[in-house]
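> Predicted structure and sequence below. I'll ask about it afterward.
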Amino acid sequence: DAGITQSPRHKVTETGTPVTLRCHQTENHRYMYWYRQDPGHGLRLIHYSYGVKDTDKGEVSDGYSVSRSKTEDFLLTLESATSSQTSVYFCAISETGDGNEQFFGPGTRLTVL
Amino acid sequence: KNQVEQSPQSLIILEGKNCTLQCNYTVSPFSNLRWYKQDTGRGPVSLTIMTFSENTKSNGRYTATLDADTKQSSLHITASQLSDSASYICVVSAGFQKLVFGTGTRLLVSP
């Protein structure tokens, strides 16, 4: 998985609780991404980062926030989890943001009860 | 609306047989097209990437084709193996930070 780890790998939580997912890379790539993958949908971009403290929204950003305080770490936070956020979350990294290949982490399966 | 459609949704083939997966896209502008393989419980892994000027790209037993005029791509798997059982995802890049993902074809290779 190209030097990308995600933690936790599985999490079950209750509606209304805050949740933070962590992505850690050892490739020193500039760009980092958070996606969600749901049945019947392609991977959908939640947020991405183009450098330390530089982030931007993707197509499904409502209910999510991100932070990147170090090149190697990108955090995804659900401030108040809802059942609609039950999904598999993937982190990805890329050297450039202009269509270059993205390398994906192993994923985090999140269940919100 | 930018879209990537894949067919079939799922496919079962016998080990050793060949198969072809289809990807049709309506994405503009077009930058490149990738095929990813995603094993169950894992993240997607890139198989091939093609730009507008390329119409064939191979990676071992995987061969991808691209027809930019008809906006179609295919992924051909030769002499399938049990380890080919996975989902195959077509992804089209429409430029900077604009990737459009298909929903994938789930392939099962049966012994």
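Arrived safely, thanks for sending. Residues are numbered from 1 along each chain as shown, chains lettered A, B, ... in the order given.

> switch to C-alpha atoms for all contacts and neighbour counts from now on
OK.

> Tell me who's in contact with residue B:62.
For residue B:62, the contact set (C-alpha atoms under 8 Å, 6 or more residues apart in numbering or on different chains) comprises B:47, B:75-78.

> If we use 6 Å, what do you get?
The contact partners of residue B:62, by C-alpha atoms under 6 Å, 6 or more residues apart in numbering or on different chains, come to B:76-77.

> cool, residue B:78 as well?
By C-alpha under 6 Å, 6+ apart, the neighbours of residue B:78 are B:18, B:61.

> hmm, try it at 8 Å
B:16-19, B:61-62.

> Any stretches of chain B with poor pLDDT?
Applying pLDDT under 70 to chain B flags no residue at all.

> what do you get for chain A?
Under the criterion pLDDT under 70, the flagged ranges of chain A are A:1-2, A:98-99.

> need the residues of chain B near chain A, please.
Residues of chain B lying close to chain A by C-alpha under 8 Å from any C-alpha of the partner chain are B:31-32, B:41-46, B:93-104.

> Write the PyMOL selection for whichever of those residues are buried.
PyMOL command restricting the residues of chain B next to chain A to the buried ones, with burial defined by 16 or more other C-alpha atoms under 10 Å in any protein chain shown:
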select buried, chain B and resi 31+32+42+43+44+45+46+93+94+95+97+98+99+100+101+102+103+104
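
> buried subset of the contacts of residue B:78?
Buried members of the contacts of residue B:78, counted by 16+ other C-alpha under 10 Å: B:19, B:62.

> Name the nearest residue to residue B:10, sequence neighbours excluded.
Once flanking residues are discounted, residue B:10 sits nearest to residue B:106: 4.5 Å by C-alpha to C-alpha, 6 or more residues apart in numbering or on different chains.

> hang on, I meant residue B:101
The shortest distance from residue B:101 to any non-neighbouring residue, by C-alpha to C-alpha, 6+ apart, is to residue B:91 (4.5 Å).

> How many residues are close by that neighbour?
Other residues near residue B:91 come to 26 when the count uses other C-alpha atoms under 10 Å in any protein chain shown.

> who does the helix or strand hosting it touch, helix- and strand-wise?
Taking DSSP states H and E as the criterion, residue B:91 maps to strand B:86-93. In terms of contacts (3 or more C-alpha pairs under 8 Å, 6 or more residues apart in numbering or on different chains; DSSP states H and E), strand B:86-93 is packed against strand B:3-7, strand B:32-38, strand B:99-101, strand B:105-110.
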